[in-house]
Each structure stands twice: as C-alpha cells, then as structure tokens.
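**Student:** I would like to see how this sequence folds:
(one chain, ligands or ions: 1)
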Amino acid sequence: MANISLKVGQVSMATNILDKFMEKVEEKTEIKADRKLKVAIIGTGWIAEAHVKSYLKCPDVEIVGAAELIPGKAEAFFAGLGFDTAKLRFYPSHKELLDTEDLDAVSVCTYNATHAECTVYALEKGVNVLLEKPMCVTLDEAVAICRAEKKSGKILSIGFQPRFDANMKMIKKIVQSGELGDVYYIQTGGGRRRGIPTPFGTSFIEKETAGLGALGDIGCYSLDVVMNAIGHPKPLTVTGYKSDFFGKSTKYSNKPEYVDIFGVDDFAAAFVRLEGGIILDFRIAWAMHMDTPGDSLIFGKEGGLRIPSTDCWNGSAGGPMTVYHDVAGEQVETVIPMLGNDGNDLFDMKIRSFLDAILTGGPSPVPASQIIYNQAILDGISRSAELGREVEIVIPEI
Ligand SMILES: NC(=O)c1ccc[n+]([C@@H]2O[C@H](COP(=O)([O-])OP(=O)(O)OC[C@H]3O[C@@H](n4cnc5c(N)ncnc54)[C@H](O)[C@@H]3O)[C@@H](O)[C@H]2O)c1
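**Tutor:** Reported below is the predicted structural model:
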C-alpha cells in the first residue's frame, strides 16, 4: 500500500486511515472470441486511431470498415495502421455505412457537430454506439440522442476515458463515503497557458465543425470529474461567459493563419446552481495569461477536497489530493497518494467496458442519462454568454 501521512499542525504520523478508500484491483473477465462483434468507425481523424488500436487488442472484435466524408481519407488511415484495406469496406458518410452493414457497434469519432446525427442514426438502426466526448453541441441534440437510445434499447456509452482512472474513481469514492459531509460548493476547471488544439486541421476551432471550443473540448472533462463524484445532480440555472481573445489574436494565437476562421470560445467561466443547493464555479481555458485558473476544490460541511490542477486539464489530477477535515477538534490534512492503473490503458478500458456492456446487456459504462447534465451545463453556459444574463436549464422528459 502507498505511504500515507496525516498532518496535525507540525505533527506527522503514519496511518492506514485511508485503507477504506483504496481501490481493489478489478477482476478481469475472460473474453470469449467465438463470435466476433462487427465494429465500424465513423470519422477517421485523430481520435479514431486510438479507438482502432484499442479494438485491435480485443480478440472478440472484427473491424469491418468505416465511414468518412473526405474521399480517400479512411482508406489512407487504415493503410497507415497496417490494415489490408481490400478486406475493409468504406462509405462516404455514416448513413451509407449504417444502411448497408449489419453491425454490432460503431465508434462515433466525428467532430462535435455531427455527433448527434451519427449517433441517432446508428441507434435507430439498432447499432450500439461508443460516442466520443463531448456528447454533442447543444442540449436539444443531447435530448434527441437520449430519446433514440431509450427507443433502441441499445448500449450508448460516452467516451470519457478519465472515468476509468483510479484517481478519478478515488474522488468519487471520497465524496460518496460521506467523509466530506454534504457538498455545497465546487470549484472546477483548468486549462493551458497556450494550447488551442489544431492537431490535424481546423475541426476544433471552426464553429461549423466544433460548435464549442475549450468549453466542449476540455470543459466537459472537468465537469464530469465533479458531477460524477457528487452523483449527477440536475443543473438548474447558469450564468456563463465565453471569450475568444487568443484564438482571434495574431499576436497570441499559436496558428495566426487560422485567426479569421477561429469561431469558438478559447475561455469560458460560469456560476451554476445545481439541485440540492450546490454551487458549481467553473472556468476553462485553451489559452490565458496565467499558468492555471486554480485547483479543483470540493467543499463539504465536514471536509474539503483539493484536486491539484494540471496544465492541460483532461480529467486527471495534477498531483496528490488533500482532504481538509477536523479530527478530535484539530484541523487536519490527509494527503491522498496518487494511484496507478495497474498498467491498464484508460482508452483500452473505455473500449473494453463498452464491448462488455454489449455482451452482458448493460448497463452502459458512461451513460447518456448522466452526461446529458454535462451537456445541459455546456449549453446553458453558451446560451447565457450569448444573452449576457442568467438562464434556466430545462431538460425535457426523455
Ligand atoms: N477522448 C479523447 O481523448 C479525445 C481526444 C481527441 C478528440 N476527441 C473527440 O473526438 C472527436 C473527433 O476529434 P478528431 O480530432 O478525431 O477530429 P478530426 O476532425 O480529426 O476527425 C473527424 C473526422 O470525422 C469525419 N466526419 C465528420 N462527420 C462525418 C460523418 N457524418 N460521416 C463520416 N465521417 C464524418 C470528418 O471528415 C473527419 O475526418 C471530437 O469530438 C473530439 O472532441 C476525444
């Protein structure tokens, strides 16, 4: 077990008080490969490679083909990964793929703006879906996705791989253990000093393809860390702010040639009221004149949790977390050591958990019924920022 110390003023003593929080190594289920699941990829850009590499580690999966809007891109993508492309089938969009193939599952790896149409169409065709994050762009789209999922009875999992990280699970475990008491205030978010993503082209920064900027790209992760920890309370109202000073600046943009087409936020902040009287104070940056907008903090009536920020907020902890609480009338800090993942890759776990849910009939590892609240907050921040005032968040019946 990792070494844990508990500090009371100047006094430091070894303790195993955190034993109850330590994660048990999950038992691996045997994978039967007698019937292979037929899987296809929709959108063969940057993140599709991670999906394919993880599927290749699953003996019960056969990748049958892909859909891609850009002619020749999918063929080149699979050839680059060492596939015999003559054995795969390629389609010019998600519709042709889903109309033609008899599939068990698809990974929706398209840019944000087409997440909803691809996912809804796949579910309507009775195909299980692993959908990349963020869930989509608007709350209306998220509602359509959830309704299609409900009607289909299929598995839909949203691609939040940090959910599988032992430190993220620990945050949830600490909150759910009651050690912090009732949570009433949360500060979350993070970001990078400079880091507007343009890995392969401009799909992250154009309004038509991305829909949301830092807010959707990395904001969804920091919201999920805390929303998942506190059990997904319903968001009620939000006051949001968005700006684009760096993306629009030839002086500070990392790609000055893209300044004219930059059409999303590079910074966002919000004050969100959640059911149960919980306040969520949020800020996220792709670029800023600052190293970090601060650690993530969870305030409870009996204790507080500090989660050190990372340069690039991607749903991970930047260092050991600390619980602030009182023991026998003394103000005490308990340091939670960083945990490893036993050599498991988070992306592999995200793919495997999705496949296992298909094989066992569920539940979905990262359900849309949870992530719709994440999307409702992103949507609320966007709407509020555009209107310049607080807005209500109303989620219709699914
Ligand atoms: N989980 C993670 O760690 C992670 C990391 C990076 C990106 N992502 C997410 O993955 C998604 C894709 O990101 P990316 O960097 O791979 O984008 P990308 O622009 O490199 O690739 C997306 C591809 O989808 C194709 N496409 C769009 N609509 C389509 C449709 N209807 N049918 C077929 N193809 C279609 C585009 O032509 C493009 O080639 C984004 O939503 C992003 O947020 C997740």
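**Student:** Identify the residues contacting the residue in the chain that the ligand sits nearest to.
**Tutor:** Per Cβ to the nearest ligand atom, Gly45 is where the chain lies closest to the ligand, at 1.9 Å. C-beta coordinates here come from the backbone N, C-alpha and C atoms, glycine included. Applying Cβ atoms under 8 Å, 6 or more residues apart in numbering, we find Gly45 in contact with 109-111, 200, 203.
**Student:** same question, Met321
**Tutor:** By Cβ under 8 Å, 6+ apart, the neighbours of Met321 are 167, 170-171, 174, 305-308, 335-336.
**Student:** could you redo the last one with a cut-off of 10 Å?
**Tutor:** 167, 170-171, 174, 295-296, 298, 305-308, 334-338 (Cβ atoms under 10 Å, 6 or more residues apart in numbering).
**Student:** Go through those residues and name the one nearest Lys350.
**Tutor:** Asn167 (15.8 Å; Cβ to Cβ).
**Student:** quick check, the closest one in a strand?
**Tutor:** No - using DSSP: H, G, I helix; E, B strand; the rest coil, the secondary structure at Asn167 is helix, not a strand.
**Student:** residues near Val238, how many?
**Tutor:** Residue neighbour count, defined by other Cβ atoms under 10 Å, stands at 26 for Val238.
**Student:** What of Ala79?
**Tutor:** Burial measure for Ala79: 12 neighbouring residues, criterion other Cβ under 10 Å.
**Student:** Output the helix or strand hosting it as CSV - backbone C-alpha positions only.
**Tutor:** Assigned by DSSP states H and E, Ala79 falls within helix 73-80. Provided in CSV are the C-alpha atoms of helix 73-80 (Å, rounded to 0.1, in the frame of the first residue of the first chain):
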residue,chain,number,x,y,z
LYS,A,73,-9.1,9.6,-46.0
ALA,A,74,-10.4,6.4,-44.4
GLU,A,75,-8.5,4.1,-46.8
ALA,A,76,-5.3,6.0,-46.1
PHE,A,77,-6.0,5.9,-42.4
PHE,A,78,-6.4,2.1,-42.3
ALA,A,79,-3.5,1.6,-44.6
GLY,A,80,-1.3,3.7,-42.3
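**Student:** Direction included, what does the very next helix or strand once past it pair up with?
**Tutor:** For helix 73-80, the following helix or strand on the C-terminal side (DSSP H and E) is strand 89-91. With DSSP bridges as the test, strand 89-91 is paired with strand 61-67 (parallel).
**Student:** What are the buried residues along the partner strand?
**Tutor:** 61-67 (16 or more other Cβ atoms under 10 Å).
**Student:** repeat for stretch 326-342
**Tutor:** Those would be 332, 334-339, for stretch 326-342 by 16+ other Cβ under 10 Å.
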